[in-house]
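Novice: I would like the atomic coordinates for the input below:
(chains A and B, ligands or ions: 1)
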Amino acid sequence: MSEDQTNPTPPSHHATHGEIALAANAAAKAAAHTRRAFLFKLSLAMNAAVGAVLAVPLVGYLLGPAMKKPSETGAWIPLGKLSDFPVGETRLAEFRSPEARFNDGDTAKAACWVRRISEDKLQVFAINCAHLGCPVRWFAQSKLFLCPCHGGAYYEDGRRASGPPERGLFEYRTALVGDSLLIHSGDMPTFTTEAVNKPKPLIQIAPASSTDEAQAASLSTNGATSPMRSNEWPA
Amino acid sequence: MASLKDRARTAGSRLYDWVELRLGLIKPLTETATHPTPENSASWLYVFGSAATVLLVLQIVTGILLALAYSPSANEAWNSLAQLNHVIPLGWYLRALHGWGSDFMIAIVLLHMVQVFLFGSYKFPREMTWIVGVGLLLLTLGMAFTGQVMRFDQDAYWGLGIGASISSHVPIVGPYLVHMLLGGPIIGGATLARFFTLHVFVIPGILLGGVGLHVWMVLRHGVSDWPMPGRIVSRSTYQQQYHELTASTGIPFVPDAAWKDGVFAAALLLAVMACAFFFGPFGPGGMPDPTIIQTAPKPDFAFLWIYALLAFLPPSIETPVLLVAPVIGIAGLLVLPLFAGEGERHWSRRPVAVLLVSVIAVTLGIFTHLGTYTPWSPVMSAWTSAPIPARLLANRTPLQRQGALVLQDKQCRNCHAIAGSGGQRGPALDMIASRMTEDQIIRQVLQGGGNMPAYGNALSPSETKALMQFLMTLRSEDLPPAIDSSTKLTHPGESQTAHPTPTPKNP
Ligand code: FES
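Specialist: So this is what the prediction gives:
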């Protein structure tokens, strides 16, 4: 183990070992130390500054999903022909989430319950339970939506019937264009995210369909005064 | 021959010298391994920490091997798991080892924690060892939760929905949290990608670092001695006492104490392998397609108790409990050694500690048990799959039988059992006429109340009439029908049995 004592011995700066020389040496060393310590602190400060400049975009990237404005989320999408939903019935409808991306696979799909109350009155409920989001099922005979997770139950109009949910089912905003039914979908509905989606102006769907301006203007919207909570996206 | 042996020995020791001169680790590690430890700590109850480390290594090895075939994309994850299960040779076994290893690891970490708590080993000077240990427990649970998402099936999908829904309740930042958790407005490829990152890079990295710290502190302070009633831990004397104890009774950790760790680790690995081999991998369940709503999502075993709790919390206190209770619980665990760093270590002198462990263990056990059979969930298929037993229909009037049909058709059975089959959300109906009067039942059915929805809109008067006729036959022969106790006072001379509810004889 003696071989490893190869640390270079500190070079003796001065061959002459007078008292004065020693003192001068110590003073010079102390001055050099102060200077180096200052430079080290300077380097720390530089790294803090560079680190901050580096960190801002990294954190921005990380927080990206939360930074998206609610107005950028969601779109009007067609659910199908109105005639597919007979009056007096509640039926499951599927759609592709307008927020889906290329790698979402099956999870890009979404489902909702369409309740046709009368010729032109509709309610479209999210399948996500207002408790914790499990898929509720419609039972036409007992006119109830039942949740498989913790036993939440809702009436046919979406009102809370029993169980852990604090409120009724989430509702989509609906619109009729000619014979097709549209809903405004964006966030996966949860207690706070469903309420913050502001719908796009309906005109936006006009170019997508082959309807003319007059028809787009005659759009009728339902659920404008839906029982949704009115919390706004917190500023 | 002797000279050959000698030469081999010299060559060996020269090789050792050569390596150790450059590496400098063999000698200190050997010294660490053979450091003296109090004889009374060489116990079968002191093996859980090392066992958890062994399982962590198993998880890392199997996890790396699974990563060779797993595709962390929402398009492909489920199929890559199915391929592991059915196509890739031994893929099923690797998945099973990883899944069972995770369950065992949670169990062992909890056992380790309970042992350390009951033995008072978290007290001075090992407070920080405990605090880091609490972090390791949370990271282990984090691995279990993110691992459940890796198995990208229906349960994973709806489990993510539950996680997002819970975070959405956080005041002010709720919606931002949901988006951070999901990586976007919906559950999808971005969600899986971030949970993959957590499961494979972030949490394991922190976990390994934490284990390093934890073990370092165990070595620094030595394995805690076996507690004795009356031997009080005090900051001023403990370390001195410990060193005296070690000096007088110390045995080298390796091999005198470590053989038990070795035997237990081997037995544990064998148990994991046996479970993996005989019970196979977990899932994947149905494909993560949210339009397939015929599903009853359920979390993995370790989280069943939370699932059960969520069913029982009343809506009014759910949010505060969900958001505040975990914070208090974790904070309590973290500050425990700071407030109870001295004093008695032996469990016989710490009744509150014993009581606490017992209550928590029983509570978790009960909720987990409830979570396995979810009595609060309606049995969605009961109305078509659980027929009314023939004996309850024998000798009944047509109207009563019509009532039985109404009962089935209106899905009452989804929540109410008869003859042991059907949902358990509401009370079983076998004896209903002995417990409630006709008026009470009508009121309950039509107006709802308690946990029952109102059926006023779903039942026509004739259906209600028929249903009541049938329900009033549901009582045992030994019990009289329920009567309204006020009837005698309000309608003297009239009695409940005057109702048109003939009580037929059961065969
Ligand atoms: S998620 Fe529907 S009751 Fe809990």
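
Novice: now the residue lying closest to B:Ile166 once chain neighbours are set aside: which helix or strand?
Specialist: Distances taken as C-beta to C-beta, 6 or more residues apart in numbering or on different chains put B:Leu322 closest to B:Ile166, at 5.7 Å, once the chain neighbours are dropped. Placement of C-beta: from N, CA and C, glycine included. Here B:Leu322 sits within helix B:315-339, counting by DSSP states H and E.

Novice: check what pLDDT the residue nearest to B:Ile166 gets.
Specialist: As predicted, B:Leu322 sits at a pLDDT of 88.

Novice: now the strands: where do they sit in chain A?
Specialist: A:75-81, A:90-96, A:109-116, A:122-126, A:137-139, A:144-146, A:153-155, A:160-162, A:171-177, A:180-185, A:220-222 (DSSP state E).

Novice: confidence score at whatever residue of the stretch 151-300 of chain B ends up closest to the ligand?
Specialist: Closest residue of the stretch 151-300 of chain B to the ligand, C-beta to the nearest ligand atom: B:Ile162 (6.8 Å). We have a pLDDT of 92 for B:Ile162.

Novice: can you check A:Thr193 too?
Specialist: A:Thr193 is given a pLDDT of 77.

Novice: residue ranges in the stretch 351-500 of chain B under the pLDDT threshold?
Specialist: Residue ranges of the stretch 351-500 of chain B with pLDDT under 70: B:487-488, B:491-500.

Novice: ditto for chain A
Specialist: Low-confidence segments of chain A (pLDDT under 70): A:1-17, A:194-235.

Novice: care to break it down by domain?
Specialist: For chain A, the domain assignment from automatic domain parsing gives the residue ranges A:2-65, A:73-229.

Novice: deepest-packed of those, please.
Specialist: Of all the domains of chain A, domain A:73-229 has the most neighbours on average by mean count of other C-beta atoms under 10 Å in any protein chain shown, namely a mean of 19.

Novice: quick one: closest of the strands of chain A to B:Pro89.
Specialist: Comparing these by their distance to B:Pro89 (C-beta to C-beta), the top pick is strand A:109-116, with 33.3 Å.

Novice: angle of the closest one against strand A:171-177?
Specialist: Note on geometry: by axes from the mean of the first three to the mean of the last three C-alpha atoms, to 10 degrees, strand A:109-116 and strand A:171-177 are set 70 degrees apart in direction.

Novice: give me the residues contacting strand A:109-116.
Specialist: With contacts defined as C-beta atoms under 8 Å, 6 or more residues apart in numbering or on different chains, strand A:109-116 is touched by A:79, A:82, A:85-97, A:122-127, A:135-136, A:138, A:145, A:156-158, A:169, A:172, A:181, A:183, A:185, A:188, B:186, B:289-291, B:293.

Novice: start and end of stretch B:42-55, how far apart?
Specialist: Using C-alpha to C-alpha, to the nearest Å, the end-to-end distance of stretch B:42-55 comes to 21 Å.

Novice: run the chain-centre distance for that stretch.
Specialist: Taking C-alpha atoms, centre = their mean, to the nearest Å, one finds stretch B:42-55 lying 22 Å from the centre of the chain it belongs to.

Novice: so what touches that stretch?
Specialist: Stretch B:42-55 is contacted from outside by B:101, B:104-105, B:108-109, B:111-112, B:115, B:119, B:211, B:215, B:218, B:223, B:226, B:251, B:256-258, B:260-261, B:264-265, B:268-269, B:272, using C-beta under 8 Å, 6+ apart.

Novice: just the buried residues of that stretch, please?
Specialist: Within stretch B:42-55, the residues scored as buried using 16 or more other C-beta atoms under 10 Å in any protein chain shown are B:42, B:46-55.

Novice: next, format the strands of chain A as CSV and append distance to B:Glu318.
Specialist: Below are the strands of chain A laid out as CSV (distance: least, C-beta to C-beta, whole Å):
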stretch, distance to B:Glu318
strand A:75-81, 32
strand A:90-96, 28
strand A:109-116, 24
strand A:122-126, 19
strand A:137-139, 22
strand A:144-146, 19
strand A:153-155, 16
strand A:160-162, 13
strand A:171-177, 22
strand A:180-185, 27
strand A:220-222, 31
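
Novice: in TSV, list the ones you listed along with distance to the ligand.
Specialist: Below are the strands of chain A laid out as TSV (distance: least, C-beta to the nearest ligand atom, whole Å):
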stretch	distance to the ligand
strand A:75-81	23
strand A:90-96	17
strand A:109-116	14
strand A:122-126	12
strand A:137-139	11
strand A:144-146	9
strand A:153-155	8
strand A:160-162	10
strand A:171-177	16
strand A:180-185	20
strand A:220-222	25
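
Novice: now render the buried residues of stretch B:42-55 as JSON lines, adding secondary structure.
Specialist: Below are the buried residues of stretch B:42-55 laid out as JSON lines (DSSP: H, G, I helix; E, B strand; the rest coil):
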{"residue": "B:Ala42", "secondary structure": "coil"}
{"residue": "B:Tyr46", "secondary structure": "helix"}
{"residue": "B:Val47", "secondary structure": "coil"}
{"residue": "B:Phe48", "secondary structure": "helix"}
{"residue": "B:Gly49", "secondary structure": "helix"}
{"residue": "B:Ser50", "secondary structure": "helix"}
{"residue": "B:Ala51", "secondary structure": "helix"}
{"residue": "B:Ala52", "secondary structure": "helix"}
{"residue": "B:Thr53", "secondary structure": "helix"}
{"residue": "B:Val54", "secondary structure": "helix"}
{"residue": "B:Leu55", "secondary structure": "helix"}
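
Novice: now render these as JSON lines, adding pLDDT.
Specialist: Conversion of the buried residues of stretch B:42-55 to JSON lines gives the following (pLDDT from 0 to 100):
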{"residue": "B:Ala42", "pLDDT": "89"}
{"residue": "B:Tyr46", "pLDDT": "94"}
{"residue": "B:Val47", "pLDDT": "95"}
{"residue": "B:Phe48", "pLDDT": "96"}
{"residue": "B:Gly49", "pLDDT": "95"}
{"residue": "B:Ser50", "pLDDT": "95"}
{"residue": "B:Ala51", "pLDDT": "97"}
{"residue": "B:Ala52", "pLDDT": "97"}
{"residue": "B:Thr53", "pLDDT": "97"}
{"residue": "B:Val54", "pLDDT": "97"}
{"residue": "B:Leu55", "pLDDT": "97"}
